[in-house]
Structures are given as C-alpha cells and as structure tokens.
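> curious how this folds, go ahead:
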Amino acid sequence: MTSNTSPLGPARTVAASHASSLRRITGISAAASIGGFLFGYDSAVINGAVTGIQHRFHLTTGQTGTIVASALLGSAVGAAVAGRLADRVGRLRVMYLAAILFTISALGSSMPFSAWDLGAWRVVGGVAIGLASLIGPTYIAEVAPPDHRGRLASFQQAAVVLGITASQLVNWGIAQAADGGSENPLGPLRAWQWMLMAAVVPALAYLFFTLRIPESPHFLVAKGRLHRARAVLRDLQGTDTDSESRIAEIQHALRTDHKPLVRDLLSRRFGLLPIVWAGIGLAVFQQLVGINVIFYYSSLLWQSVGVDQSGSLLISLSTSIINIVGTVVAMLLIDRVGRKPLALTGSAGMAVSLAFASWAFSYRTGSGGSLSIPDTQGTVALIAAHAFVFFFAVSWGVVLWVMVGEMFPLRIRAAAMSVATAANWVANWAVTESFPRMSDWNLSATYALYAGFALLSFVFVAALVRETNGRKLEEMG
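The predicted model follows:
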C-alpha cells in the first residue's frame, strides 16, 4: 500500500494558511482604506458643486474661498484628536465615528439654508477627513504582517486618489444629466446638491465594511483584553501563529514606548530641531505649489478662461485620472530610485509646468461672462495643468507621506509627524482660502508664484533633506 502522508503535506498546509491569512488581511486593509477614499472624495467633490453654490447664495470670490476652505479647519481638528481618541475608544470606533460624520456632512451640506450653515456642514466633513486620514494608516500598520506592510499601507494613498477621481466622475455625470450646469435643477434638487449628497453612498459603505473587521490587536492588548487579542491574531495570521509571542512583543513595545511631547522637538539654537524643520518644510512646500487649486477649484479655473462648465468638469476628471497614473508610477519607483531623486524630479517638472501655465494664463482677456484665451495658449495651459498634476503625483504626492514616516528619530517620531501634518493642513487652508482672491487679482501672477514655490522646493530638498531609502528606522536622526 502507498501512504497518503507526504513530507510536503504540512508545508503545503502552512503555505495555504498563510495565503488565506494574507487574503483576509488584504480585505481588512481594503475596508479600512475606504476612509482614504472618502478623504479624497469629500475633499474634491466641492470642485463640481462650487459654481452652483455661488449662484445659489450669490457669493463673492472671498466668500467662496472661505466656504471651500472651511473643511480644512475641521480636518486639522480631526487629525489632532484622532490619535488620542483611537487610544481611548479603539481604532474601529473612530472609523465608525468618521463614517457617521461623513454621512451627516453629506446630507447637511446638500440641503443648506444659507452659505454659512453649508460652511458648518463642511467643517463636520472636515473633521471626518482628519479622523480618516490618520486612523486608516494606523490600523493597517497594526494588522499587517511586516513583510507586506508597505504594500498594504499604500492602499490608503491609492484610495485617496481614487476617491478624488470618483468625485469628479460623479460630478461630471450629474452635471450632464442636468444639461451641463451644477446650478440647474435635477428632479427635486439642484445638480450641485446631488453632487454633495452622493457622498452618502461611500460613507455608508465605509460603515458597513468596518462593522465587519476586527479591532486592532495592539489596542486590545493595551486595554488588557488578551483573550480577544489572541482570537484576532489567529484570525489575522492563521491558526498556527504563535499568538502568545506576538502578545508578549506588543506588551513589551507598549511598556518601552516613549510618548514624545512637543518639548522633545525643541532646540535652543533653532527653536525646533533641524530635522523637524525639514519635515515641516516638506509638508508646507507640498501645498504651496498649489496642487489643491486643481482639485478644489479647477471647474472655476477653466471657466475663468472661457471653457464652459461641462467642459471644465470633464477636464477635472481627466486630471484626476492623470493623478492616479502618477501615483501608481510613484509607488513602483519610490523604493527603486529613492525618495529624494523623485522629489527633485517632481519639483523641477512642477516648476516648468507651472511656468508654462502662468505664461498661457497671461493671455486671458475679457471680463465677466466673456472671458477667453487664445487657442494656442489654451492648449498650452491644458497640457501644463495635466503635466503639473502628473509631476506632483509621481513625486510629492507620495514622497511626503513616506518621508515623514521615516525621517524622524524614533524618540520624537509621533510628535514630529503630528507637527508636520498640522503644518500641511495649515498650508492647504492658506492656499485654498487665498486662491479665489488671487485669481481675481491676477491669475498669471498666481501661477508664477506657485512656480516659484516649486523651484524653492527643489532647492530645499537638494540642500536640506537627507535620503531615507534603504535606511533602518532606528538609524534616522
């Protein structure tokens, strides 16, 4: 008789178990990344609705900037409280809260009584964005196996750019159904109201899927819920995993973890440690090049040079697709060519693209509803805008968040990341708030200013930023 027992049997069983666990963790990470999708969606959906909002409430350009930028104030608040809230009530409950706030914001902002309560609903959505921007990567890092952490963590950034693109696709589709204008009626509501309300669908999907994933084992161990932590570890890593060893590792990390404070970042000579200034510089320059003007205002931007509203929404959609392509390229290259070369390439490409856009916009003529730009300059502006988005996506869109997670010494990493993230939100708010006024003043000069910041970002990275690729986290400092 021949035996069915084979020495390969146990190995195959273990391999199958690991493959099954990886599929499970991948699905869980994808569910957590829906928060990133909503981050991108809710941030950019205002782009298609802003013309309709202006018509409905008769807003000045300054008031428009304030309404659009109001969400970013909420985002700063949400990002500031997300970490402590997650440590207190758990990662999943923060996700549930974010999903609920996204839903409330979408419903409230789609049926406002005035511009100012619209701004208030935008702030609520901003808080959800801030929560989602931090809790997703935190949760994924805690459930992912070390050898797959980088790939799974990239789900968040991929979800953000997909959310931006989805919002522009929905905006364009709704506008088409309303004869091309966001201010036009579509059933019982205006098109812009449907654009804002559509965020309810991914918000409810986020809640549905996060209700079906386990709590982070790190949180469970921190709260002394060891029995549940063992069950989650077996669910995530397979029944053959040594859950006791993993729990011991987590407990040791919690005992030895140093919770950095802002005072740990201070330097007598420079105010803050030089490495912290470098992180702040990266965070601020990422926004000062004006990237979110494209994602928040491109509909108004293209209308301001004579493109009709339907065409402007289609251009917004195409730039969002370019954003996806650039992000994928960055994810493929960042570990091969390094962070610093990508950042330098992106800065140079953005500076040139923005300079061409500035030149093209200098030919804008007319006023009010008769604005136009010559065909040649219009073509240059269109190509330059797409090139700008590509160079940003292939470099700073990904490089910033990778580098701020790597560049700081372990003893100050959490606090330094918080400061850099806060600086990024503040710079984002400043650019978003100021663009409508600056555009009215001089669109060409505004883009020349962004080109100048892109050039300065090249000098900054070349002179003050150290490469982190291939270095252990313990070596940073």
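
> can you map out the strands along this protein?
185-186, 189-190, 266-267, 271-272 (DSSP state E).

> ranking those by burial, who's on top?
strand 189-190 (a mean of 18; mean count of other Cβ atoms under 10 Å). Glycine gets a C-beta too; all of them are placed from N, C-alpha and C.

> pLDDT of it, averaged?
Averaged over strand 189-190, pLDDT sits at 95.

> partner strands of that strand, with direction?
Its sheet considered, strand 189-190 pairs with strand 185-186 (antiparallel) by DSSP bridges.

> show me the contact partners of the strand it pairs with.
For strand 185-186, contacts defined as Cβ atoms under 8 Å, 6 or more residues apart in numbering pick out 174, 177-178, 191, 194.

> read off the pLDDT value for Arg151.
Predicted confidence (pLDDT) for Arg151: 69.

> ugh, typo on my part, it should be Gly35
On pLDDT, Gly35 comes in at 92.

> tell me how far Gln63 lies from Ala69.
Distance of Gln63 to Ala69, computed by Cβ to Cβ, to the nearest Å: 11 Å.

> between those two, who's got more neighbours?
Each of Gln63 and Ala69 had its neighbours counted (other Cβ atoms under 10 Å), and the higher figure belongs to Ala69 (24 against 17).

> which ones are touching the more buried one?
429, 432-433.

> grab the nearest non-local neighbour of the residue nearest the centre of the chain.
With distances taken as Cα atoms, centre = their mean, Val160 lies nearest the centre of the chain, 5.0 Å away. Nearest residue to Val160 in three dimensions, chain neighbours excluded: Gly40, at 4.0 Å (Cβ to Cβ, 6 or more residues apart in numbering).

> thought the one you found was touching Ala158?
No. At 9.8 Å, Gly40 does not count as touching Ala158 under the criterion of Cβ atoms under 8 Å.

> higher neighbour count, those two?
Between Gly40 and Ala158, counting by other Cβ under 10 Å, Gly40 is the more crowded of the two (25 against 19).

> distance of Asn171 from Leu265?
41 Å.

> more neighbours, those two?
A side-by-side neighbour count of Asn171 and Leu265, using other Cβ under 10 Å, places Asn171 first with 28 against 20.

> which stretches of the stretch 351-477 of the chain aren't confidently modelled?
Counting by pLDDT under 70, the stretch 351-477 of the chain shows low-confidence ranges at 366-370, 410, 414, 470-477.

> so where do the helices sit in it?
375-393, 396-404, 413-464 (DSSP state H, counting those that start in this stretch).

> out of those, which is closest to Phe219?
Comparison of the helices of the stretch 351-477 of the chain against Phe219 by Cβ to Cβ identifies helix 413-464 as nearest, at 15.7 Å.

> picking that back up, most tightly packed of the helices of the stretch 351-477 of the chain?
helix 396-404 (a mean of 24).

> quick check: angle from that helix to helix 375-393?
20 degrees (axes from the mean of the first three to the mean of the last three Cα atoms, to 10 degrees).

> how about the residue nearest to Val160, what does it touch?
By Cβ under 8 Å, 6+ apart, the contact list for Gly40 reads 159-167.

> so how far is Gly338 from it?
Gly40 is 26 Å from Gly338, by Cβ to Cβ.

> just Ala420 next, same as before
20 Å.

> and His252, how many neighbours does it have?
Neighbours of His252 using other Cβ under 10 Å come to 10.

> and Thr165, by the same measure?
Using other Cβ under 10 Å: Thr165 sits among 22 other residues.

> pLDDT value on the nearest residue to it once chain neighbours are set aside, please?
Leaving aside its sequence neighbours, Thr165 sits nearest to Ser320 (Cβ to Cβ, 6+ apart; 3.9 Å). Here, the pLDDT recorded for Ser320 equals 91.

> for burial, what's the neighbour tally of Ser320?
Neighbours around Ser320, by other Cβ under 10 Å: 26.

> for it, give its distance to Phe209.
Per Cβ to Cβ, Ser320 is found 23 Å from Phe209.

> would you mind confirming that the residue nearest to Thr165 makes contact with Trp172?
No. Counting by Cβ under 8 Å, Ser320 does not reach Trp172; the two are 10.0 Å apart.

> burial of the residue nearest to Arg190 when sequence neighbours are not counted, as a residue count?
Spatial nearest neighbour of Arg190, chain neighbours left out: Gly52 (5.7 Å); criterion: Cβ to Cβ, 6+ apart. Applying other Cβ under 10 Å, we find 24 residues neighbouring Gly52.

> same check on the one 5 residues further on?
Burial of Phe57 is recorded as 15 neighbouring residues (other Cβ under 10 Å).

> not counting its neighbours along the chain, what's nearest it?
Closest to Phe57 by Cβ to Cβ, 6+ apart is Ala115, at 4.1 Å.

> measure the one you found to Gly65 for me?
12 Å.

> compare the two (neighbour count), which wins?
Comparing Ala115 with Gly65 by neighbour count (other Cβ under 10 Å), the higher total belongs to Gly65, at 23 against 18.

> can you read off the pLDDT for the more buried one?
Predicted confidence (pLDDT) for Gly65: 90.

> that one contacts Val431, correct?
No. The pair Gly65 / Val431 is not scored as a contact, 9.8 Å apart, by Cβ under 8 Å.

> make a markdown table out of the contacts of strand 185-186 and add neighbour count and distance to Thr379.
Formatted as a markdown table, these follow (neighbours: other Cβ atoms under 10 Å; distance: Cβ to Cβ, whole Å):
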| residue | neighbour count | distance to Thr379 |
| --- | --- | --- |
| Ile174 | 23 | 28 |
| Ala177 | 13 | 29 |
| Ala178 | 22 | 28 |
| Ala191 | 26 | 29 |
| Trp194 | 23 | 32 |
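
> and which of those is nearest Ala98?
Nearest to Ala98 out of those is Trp194 (Cβ to Cβ; 22.7 Å).
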